[in-house]
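Q: have a look at this prediction, sequence included:
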Amino acid sequence: MQCTECEAPNRKLWVLFGEHRRPALADVQTGSWAVLQRCPTCRALWCLSPYEPYASFPFLALWPHDEARWRHSFAADDGRTLLAWHAFMVGKHYRSLPEPELGLVEQFRRRSCGHNPIDRPDTFHAADLPASTANVNQPLQATAATPHS
Ligand SMILES: [Zn+2]
């Protein structure tokens, strides 16, 4: 059953600029350039992050894990991996957005002169996200088996 407020779980992405209807969510965790929010209706978690220019192009991506994993992922490298995940979600799901959001994404692509997650995708693999809170007490290098350039 799709939530009437945030449209989870069918929807994975919201454009938060423009004049269309947007879900009213509550802040759960706040970090630099990323905020975890919860839908008051269905309890789904969403990750908000803004894009340049002027951080005026915020997107919401459906966070598929729990609150603790978001906090852990953010703390692992001050949000770097988390923001790469967010950019990956924008690139993966923007085509499924309804109008007028799809048109707003095209405006954003023009305004950002190619500096956006669609035209310049980060290399992100789902395995890059820190596994779970069960691993919090293990040394970080123990989970750093993925090769990075
Ligand atoms: Zn909801």
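A: Now that the structure is in, tell me what you want to look at. Numbering: from 1, shown residues only.
Q: quick one: contacts for the most centrally placed residue in the chain?
A: Against the mean C-alpha coordinate of the chain, by CA atoms, centre = their mean, the closest residue is residue 86 at 3.2 Å. Residues near residue 86 by CB atoms under 8 Å, 6 or more residues apart in numbering: 34, 47, 49, 59, 61, 117. Using the backbone N, CA and C atoms, a C-beta is placed for each residue, glycine as well.
Q: how about the longest helix along the chain as PDB, C-alpha atoms only?
A: What stands out as the longest helix in the chain, according to DSSP state H, is helix 80-93. Extracted C-alpha coordinates of helix 80-93, given in PDB (Å, rounded to 0.1, in the frame of the first residue of the first chain):
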ATOM      1  CA  ARG A  80      31.100  11.300   2.000                       C
ATOM      2  CA  THR A  81      29.800   7.700   1.300                       C
ATOM      3  CA  LEU A  82      26.300   8.700   2.300                       C
ATOM      4  CA  LEU A  83      26.300  11.600  -0.200                       C
ATOM      5  CA  ALA A  84      27.700   9.300  -2.900                       C
ATOM      6  CA  TRP A  85      24.700   6.900  -2.200                       C
ATOM      7  CA  HIS A  86      22.300   9.800  -2.400                       C
ATOM      8  CA  ALA A  87      23.700  10.900  -5.800                       C
ATOM      9  CA  PHE A  88      23.500   7.300  -7.000                       C
ATOM     10  CA  MET A  89      19.800   7.300  -6.000                       C
ATOM     11  CA  VAL A  90      19.100  10.500  -7.900                       C
ATOM     12  CA  GLY A  91      20.800   9.100 -11.000                       C
ATOM     13  CA  LYS A  92      19.000   5.800 -10.800                       C
ATOM     14  CA  HIS A  93      15.500   7.000 -10.100                       C
END
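Q: great, nothing more from me.
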